[in-house]
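Student: please work out how this folds:
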Amino acid sequence: MSFFISLLWMMVLGSVATFWPSLSSDKLLTFEQVSALLPQRPHRNTIARWASRGYQGIVLRTHRCGRRRLVRLSDLEDFLAATSRLPRQVNRSAEHRKAADELDRAGI
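Tutor: The predicted structure follows:
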């Protein structure tokens, strides 16, 4: 029983890394914390969408802890690296697409 009490104290005091390196070597983040780390501060629902549906075929990996879904910092880094390698999509309005199609047909 004292083993579990000492483990609990180590977790509370933050010294789990010396006891179990795999527990604290990669921080687990809530969707709100992930949002706070990113420069544009996307809404937590955006983070949840990246985890459930993905972004252009790339899904943010999450881990369940009870009812919560948490993101490892390394998984977030992998997701950001993978999405940054994607070709940029140009968001064009209908008028821009129509003009681009006319130029393509004209061979310009």
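
Student: do a quick rundown of the strands in this protein.
Tutor: Under the criterion DSSP state E, the chain contains strands at 28-29, 63-65, 68-72.

Student: so which of those strands gets nearest T83?
Tutor: Of all the strands of the chain, strand 68-72 sits nearest to T83, with 14.0 Å by Cβ to Cβ. Using the backbone N, CA and C atoms, a C-beta is placed for each residue, glycine as well.

Student: neighbours of L60, how many?
Tutor: Residues lying near L60 (other Cβ atoms under 10 Å) number 24.

Student: ok, now R53?
Tutor: Neighbours of R53 (other Cβ under 10 Å): 10.

Student: ok, it to T46 distance?
Tutor: 11 Å (Cβ to Cβ, to the nearest Å).

Student: and for A94?
Tutor: According to Cβ to Cβ, A94 and T46 sit 25 Å apart.

Student: give the contact list for the most centrally placed residue in the chain.
Tutor: Taking Cα atoms, centre = their mean, the centroid of the chain lies closest to L76, which sits 4.0 Å from it. By Cβ atoms under 8 Å, 6 or more residues apart in numbering, the residues touching L76 are 29, 34, 37, 60.

Student: compare A94 and T46 and say which is more crowded by neighbours.
Tutor: Legend: neighbour count by other Cβ under 10 Å for A94 and T46, higher for T46 (16 against 7).

Student: leaving out chain neighbours, which residue sits closest to the more buried one?
Tutor: Nearest non-adjacent residue to T46, counting by Cβ to Cβ, 6 or more residues apart in numbering: S35, 7.7 Å away.

Student: please report how far L103 lies from R97.
Tutor: Between L103 and R97 the computed distance is 11 Å (Cβ to Cβ).

Student: meant to ask about H43
Tutor: Applying Cβ to Cβ to H43 and R97 gives a distance of 28 Å.

Student: any regions of this structure where pLDDT drops low?
Tutor: For the chain, residues meeting the criterion pLDDT under 70 lie at 1-25, 90-92.
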